[in-house]
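> curious how this folds, go ahead:
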Amino acid sequence: MSADIAVHSSTKYIGGHADLLGGVIVGRKKQMSGFGGMISFGIKDGIEAGRKLMNRVKLCALAVSLGSVDTLIQHSASMTPANIPREVRLKMGITDDFVRLSVGIEEPEDIIADMDQALVAASR
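Numbers count the residues shown, from 1 in each chain. As a prediction, this is how the structure comes out:
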């Protein structure tokens, strides 16, 4: 006798704001073999370009906590720890160029178009 069961936490990825507690148990589910929904990257020209990027996204929502079914974006250096001195941020691994994106359930083409237009604007 064998079982093919997957157990997933939905607390952070679906809720993300400590407002729900949940999980999912699924039988006979193929495990994901590709990439997940979290992306991080560095943006050329650092903190100023990061601010411009955050000001130009339209579909992607700004967030300090990346857990939702919506696409969320964060530029750590200019958001949550903005009051922390740069030297301290760097010791914590929070570089001026660091951007995190939590990909939601919107149409992929819409997310890509939003990121494309915002990245072009941030590079000017």
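> can we go C-alpha only for contacts and neighbour counts from here?
Noted.
> break down the chain into its strands, ranges please.
Using DSSP state E, the strands found in the chain span residues 5-9, 23-27, 38-42, 61-62, 72-75, 98-102.
> and the second one with strand 5-9, angle?
It refers to strand 23-27. Between strand 23-27 and strand 5-9, the angle comes out at 170 degrees (axes from the mean of the first three to the mean of the last three C-alpha atoms, to 10 degrees).
> direction included, what does strand 23-27 pair against?
Its sheet considered, strand 23-27 pairs with strand 5-9 (antiparallel) by DSSP bridges.
> can you check the fifth one too?
Taking DSSP bridges as the criterion, strand 72-75 pairs within the sheet with strand 61-62 (parallel), strand 98-102 (antiparallel).
> and the contacts of the last one?
Identification of contacts with strand 98-102 by C-alpha atoms under 8 Å, 6 or more residues apart in numbering yields 37-43, 46, 50, 66-67, 70-77.
> switch to 7 Å and redo it
Residues from elsewhere that reach strand 98-102, judged by C-alpha atoms under 7 Å, 6 or more residues apart in numbering: 37-43, 66, 71-76.
> got the angle for that strand vs strand 38-42?
When the same axes, to 10 degrees is applied, the directions of strand 98-102 and strand 38-42 differ by 160 degrees.
> show me how far strand 98-102 is from its chain's centre.
Relative to its chain's centre, strand 98-102 lies at 5 Å (C-alpha atoms, centre = their mean, to the nearest Å).
> that older thread, most surrounded residue in the contacts of strand 98-102?
Using other C-alpha atoms under 10 Å as the neighbour test, those are led by His75, with 31 neighbours.
> ok, the residue nearest to that residue when sequence neighbours are not counted to Ile43 distance?
If the residues on either side of it in the chain are set aside, His75 comes closest to Val99, at 4.6 Å by C-alpha to C-alpha, 6 or more residues apart in numbering. According to C-alpha to C-alpha, to the nearest Å, Val99 and Ile43 sit 7 Å apart.
> may I have the phi/psi pair for Ile94?
phi -100, psi 90 (degrees, to the nearest 10).
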